[in-house]
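>>> Quick one: sequence plus predicted model below, questions after.
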Amino acid sequence: MSDDSEEEFVFEEAEKKPSAKHSSKVHKSDAAYLNNYDDDMEVDSDEEKPIKKLKTKKPKAVEKKVKAKATINDSDDDNFIDDTDVTPKKKKSKSKSKSKKEDSDSDDDDFVEDDDAAPKKKKAKSKRKLMKDDSDSDDGSLPRKKPSSRSKAKRKSSDSEMDEDDDSFDDEDLSSKKKKKKKAKEPVVKSVSIKKRKAAPESDSTPVKKKKVRPDEVKSEIGSTKTKGLKELDRTARLQYAMQSFLWWNAKEPPSGYNWSELEHAGLSFPEAYKPHGIKMKYNGKEVTLTALQEEAATFMAATDPDGMHLGNQKTAKIFTSNFFADFKVLLGKGHEIKDFAKCDFEPIRRHLNEQKIVKKAITDAERSLNKEERDKALFQYGFAIVDGHLERVGNYNMEPPGTFRGRGAHPKMGKLKQRVLPEQVSLNLSEAAPVPRCGLPGHAWSDIRHDPRGQWLASWKENINNQNKYMQLAASSSFKGKSDRAKYGKAGLLCKYIEKIRKVVKKDLGSKDIEERELATAVWVIDRLALRVGGEKDTDEEADTVGCCSLRVEHLHFDPNQEGGDNREIELEFLGKDSMLYKQTIDFGSHIYNEENGMGTKVYDNFKSFCKGKKPTDDVFENINPTLLNNHLKQFMDGLSAKVFRTYNASKTLQSELRKHEASPSWKSLSASEKVTEYNNANREVAILCNHQKSVSKAQETQLENIGQKVEVLKKQKHALKAILKRLNKGETDSIPLRKSITKAEEDVKSAIEKAKKLKDKAKTNEEKIAATQADEAAKQKRRDLADIKFQKAHLWEKMPTIDQVKKRIENWTAKINKAEMDLKHKDDNKEVSLGTSKINYMDPRISVAWCKRNEVPIEKIFSKTLRDKFNWAMAVKPDWEFNETIAE
């Protein structure tokens with residue numbers, strides 16, 4: 001039976017209004033039928049199709065004798081609906097036998113109540129049994145006799161065939177049905193076009209084939225135009241959408257000082273136990289037998305890239321190897337033959353690990369799908385928590401595996417061995433009524449269960465490197481993080497109200513005779529204008545020597561770095577900031593930017609000069625203040641004021657002012673969306689430079705920049721060639737115009753190589769076969785890259801002789817491509833050492849960016865990734881004219 005075709009069903013005017021009694025009885029009969037066959041009926045998920053009515057002229061012959069027909073709505077709740085507005089006309093009464101026959105016929109049809117018809121009661125006895133409607137349409141279908149058991153079996157067989165192949169279609173059955181339909185013609189009074197599957201003829205022996213309708217194959221009412229169905233979401237995406245329906249900013253707040261009333265989660269997922277590979281390291285040229293624990297530690301060392309940032313740098317390599325070998329000797333125990341790290345050879349294990357990497361690349365699609373299922377299984381088990389009755393994502397539910405500690409920069413403990421964390425070291429935080437989750441490792445148990453609603457942590461343990469507590473918490477998109485972020489930006493906005501007062505006090509105290517007041521005022525000025533962190537004393541044997549405002553030493557300040565002399569007031573600040581990132585900037589304290597509106601830059605320079613006078617390079621610049629004293633001083637101006645609030649305030653204000661500057665330019669409205677995004681990134685870069693958000697340039701970035709530069713050069717040469725072609729066409733010299741040769745054979749070769757590599761992957765069983773499959777796959781990919789390069793080199797040419805208009809149009813296209821590529825190259829080059837993401841995530845109020853996107857009709861996806869859109873979902877409803885000021889704290 002076809003389900004895609006449209007069929008016109010004919011509703012004829014009833015010769016005589018049925019009585020109310022008859023209406024009631026038919027309705028009751030249909031209801032009984034639905035109850036009896038409810039379990040066998042299939043419910044179609046498609047929505048009810050609208051009915052289109054066609055007006056036709058009534059033939060006189062039809063008005064004498066008419067049968068009333070209707071359809072039943074096959075919806076989920078089996079409600080009876082009216083699908084037609086046909087109102088039966090009053091006629092003269094016929095004979096009793098004829099009336100009974102009509103009553104019997106009406107019993108065979110599915111009944112539809114018609115409010116306009118207002119039928120009267122009339123007794124009727126059904127002579128035939130109702131037949132189950134085998135169509136899945138919500139619109140109902142014409143009635144049929146109840147099929148025999150043999151017919152049912154045939155239909156089931158047919159249905160199973162159709163389930164196997166959704167695209168199958170029985171043309172022979174359809175043609176036979178059409179022939180039968182032509183024979184049984186009846187006069188038409190009113191026709192209503194209904195979009196539904198054709199009904200099978202009333203025959204017990206004719207099997208009915210159904211076809212499942214896919215969402216992307218649904219036809220419109222007008223014709224056969226296909227409408228694209230919605231993308232099918234996986235379970236994770238559906239859960240994400242479900243969680244977004246909870247608007248935590250509109251929900252009831254927990255009691256003061258509490259973060260939750262009810263908390264339930266599944267604990268942590270622990271890494272698998274180490275499986276020894278049996279590859280032996282060498283010591284002094286001889287193989288050494290190790291235990292599983294010792295082999296695991298040796299494998300950690302072998303996995304470290306000898307040319308990477310830790311072992312490839314002489315300074316860090318010495319720290320790394322020294323720390324590793326000290327912990328390795330503890331595992332080896334006293335009396336072991338390994339005494340000197342210089343005689344250790346981890347190369348056999350390193351070769352084995354590299355070989356395993358190649359083997360893993362030969363993974364088949366089925367194996368990749370299986371791995372995803374395993375990850376999803378862990379996600380659904382551990383990746384969600386129930387907080388006060390709603391679902392939240394958990395952040396780091398996988399316990400960190402053992403390995404070598406890397407740290408950032410020249411960390412004094414890099415290379416030390418991180419021990420495996422067991423459940424006996426882990427404490428869980430749950431509500432009292434919540435069930436305690438089962439431990440994932442058999443034979444182990446949790447350390448203890450706590451009930452602390454004041455904390456946001458779900459699990460806690462202590463790591464062995466720095467002996468610090470680590471926590472499992474909710475994800476960045478959770479309500480806990482959202483509330484914290486909104487409060488943080490609200491406090492930074494409140495600083496707008498007090499900033500002028502603070503700066504007046506600082507201006508006054510910069511000239512104070514009291515040394516402590518002068519140091520405090522100078523430190524506050526530096527935190528406000530230069531966005532430095534507070535800093536503090538650190539044990540350099542335990543932590544990296546990172547520096548902030550209070551921990552600045554004389555050696556970090558270089559006065560007049562360019563040796564210009566005279567009234568030069570420049571100071572070069574050079575030190576390691578947070579995460580061992582180098583802060584190196586030359587500040588001209590005499591410039592207009594630091595002295596306008598009572599900026600007092602000159603006075604700050606003089607104070608620094610006096611603070612450093614007569615001191616050793618290792619002495620502190622601020623010897624009379626510390627972070628505690630400075631923070632207490634800041635809180636006198638505003639509750640909760642800290643250096644971080646200043647950084648958030650300055651980052652947000654800088655972004656807002658930079659964006660307003662760009663918007664005020666005369667050419668702003670003529671810019672495209674991508675050009676506006678570039679200007680946004682320029683403003684973002686100013687904030688990143690202010691906050692010293694830097695990143696190291698990777699090899700991949702350098703390669704990418706080099707490739708873009710080469711692409712620009714090729715495009716320019718192609719544009720020059722196009723101009724030469726245009727000149728020749730204008731002169732009529734068509735013989736010397738180069739044409740592009742067909743590369744169909746090369747494309748077929750690449751396609752064949754890719755298919756061959758895929759087959760090798762599918763057949764590979766041993767490691768040797770997998771390595772060969774990976775090599776074949778890499779060769780095929782290289783062929784594809786080479787083909788793409790050939791296409792790019794000849795992209796400006798035609799296979800046939802072009803016209804002058806075609807050449808002119810291509811020159812315009814190439815000009816646009818060159819401009820875009822050059823803009824992309826400049827943007828990537830400018831931002832290669834600047835981390836734009838850090839300020840977006842932590843310092844710039846997201847509502848500034850959202851409002852900017854709305855004002856300038858730029859999609860938010862161009863500015864915020866999906867992760868950031870989920871994190872800042874509370875900021876998405878702001879108006880286009882929203883501004884960062886003190887009112888947001890309200």
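Right, received. Where do you want to start?
>>> what sits up against stretch 658-669?
Residues from elsewhere that reach stretch 658-669 (Cβ atoms under 8 Å, 6 or more residues apart in numbering): K676, E679, Y680, N682, A683, E686, V687, I848, W852, R855, N856. Every residue, glycine included, has its C-beta placed from N, CA and C.
>>> Would you mind writing the ChimeraX command to select the buried ones in the residues you listed?
One line in ChimeraX is enough to select the buried members of these, burial here meaning 16 or more other Cβ atoms under 10 Å:
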select :676,679,680,683,686,687,848,852,856
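>>> Inside helices: which ones of the contacts of stretch 658-669?
Counted as lying in helices by DSSP state H, out of the contacts of stretch 658-669, are K676, E679, Y680, N682, A683, E686, V687, I848, W852, R855, N856.
>>> Take these and lay them out in a markdown table including distance to A521 and pLDDT.
Listed next are the ones in helices among the contacts of stretch 658-669 as a markdown table, based on distance: Cβ to Cβ, whole Å; pLDDT from 0 to 100:
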| residue | distance to A521 | pLDDT |
| --- | --- | --- |
| K676 | 41 | 94 |
| E679 | 37 | 93 |
| Y680 | 36 | 95 |
| N682 | 33 | 92 |
| A683 | 30 | 95 |
| E686 | 26 | 93 |
| V687 | 25 | 94 |
| I848 | 30 | 97 |
| W852 | 35 | 97 |
| R855 | 39 | 95 |
| N856 | 40 | 95 |
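>>> ok, of the residues you listed, which one's closest to A475?
I848 (23.6 Å; Cβ to Cβ).
>>> Now do the contacts for that closest one.
S652, L655, Q656, L659, W882, F884.
>>> Which neighbouring elements make contact with the longest helix belonging to the chain?
The longest helix of the chain (DSSP H) is helix 699-731. Packing partners of helix 699-731 (3 or more Cβ pairs under 8 Å, 6 or more residues apart in numbering; DSSP states H and E): helix 767-793, helix 804-830.
>>> That one vs helix 767-793, what angle?
Helix 699-731 runs at 40 degrees relative to helix 767-793, counting by axes from the mean of the first three to the mean of the last three Cα atoms, to 10 degrees.
>>> that older thread, make TSV from the contacts of I848 and add pLDDT to it.
Below are those laid out as TSV (pLDDT from 0 to 100):
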residue	pLDDT
S652	97
L655	96
Q656	96
L659	96
W882	96
F884	96
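>>> sorry, back to before: buried ones in the longest helix of the chain?
701, 705, 708, 711-712, 714-715, 718-719, 722, 725-726, 729.
>>> what about the chain, any weak spots by pLDDT?
1-231, 537-542 (pLDDT under 70).
>>> cutoff 50 now
1-229 (pLDDT under 50).
>>> circling back: which among the helices and strands packed on helix 699-731 is found nearest to E347?
That would be helix 767-793 among the helices and strands packed on helix 699-731, by Cβ to Cβ, at 18.6 Å.
>>> Tell me how many other residues crowd the nearest residue to S849 once chain neighbours are set aside.
Closest residue in space to S849, ignoring its immediate chain neighbours: I863 at 5.3 Å, by Cβ to Cβ, 6 or more residues apart in numbering. When neighbours are defined as other Cβ atoms under 10 Å, I863 has 20 of them.
>>> what do you get for L495?
The local packing of L495 (other Cβ under 10 Å) involves 23 other residues.
>>> That one touches V645, doesn't it?
Yes - between L495 and V645 a contact is recorded at 5.9 Å, counting by Cβ atoms under 8 Å.
>>> ok so, going back, got the angle between the next helix or strand after the longest helix of the chain and helix 767-793?
Once helix 699-731 ends, the next helix or strand along the chain (criterion: DSSP states H and E) is helix 744-763. Relative orientation of helix 744-763 versus helix 767-793 (the same axes, to 10 degrees): 160 degrees.
>>> who does helix 744-763 touch, helix- and strand-wise?
helix 767-793.
>>> ok, back up a step: counting only helices, which of the contacts of I848 make the cut?
The helices, defined by DSSP H, take in S652, L655, Q656, L659 from the contacts of I848.
>>> Can you add distance to S670 and neighbour count and give those residues back as CSV?
Listed next are these as CSV, based on distance: Cβ to Cβ, whole Å; neighbours: other Cβ atoms under 10 Å:
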residue, distance to S670, neighbour count
S652, 28, 26
L655, 23, 25
Q656, 23, 20
L659, 17, 22
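>>> What about the closest residue to L576 other than its chain neighbours, how many residues nearby?
Among residues not flanking L576 along the chain, T546 sits closest, at 5.1 Å (Cβ to Cβ, 6+ apart). Counted with other Cβ under 10 Å, the neighbours of T546 add up to 22.
>>> Might you report the residue contacts of T546?
Contacts of T546 by Cβ under 8 Å, 6+ apart are G409, G535, K538, L576, G577, K578, D579, S580.
>>> What of A303?
Per Cβ under 8 Å, 6+ apart, neighbours of A303: R350, L353.
>>> go on, F328?
Q294, A297, A298, M301, I338, L417.
>>> Could you do A298 as well?
M281, L290, F328, F346, I349.
>>> I'd assumed K282 was in contact with the last one.
No - with the criterion set as Cβ under 8 Å, I349 and K282 do not qualify as a contacting pair; they are 9.5 Å apart.
>>> neighbour count winner among those two?
Just comparing I349 and K282: by other Cβ under 10 Å the higher neighbour count belongs to I349, 21 against 15.
>>> Secondary structure element for L797, which one?
Per DSSP H and E, there is no helix or strand for L797.
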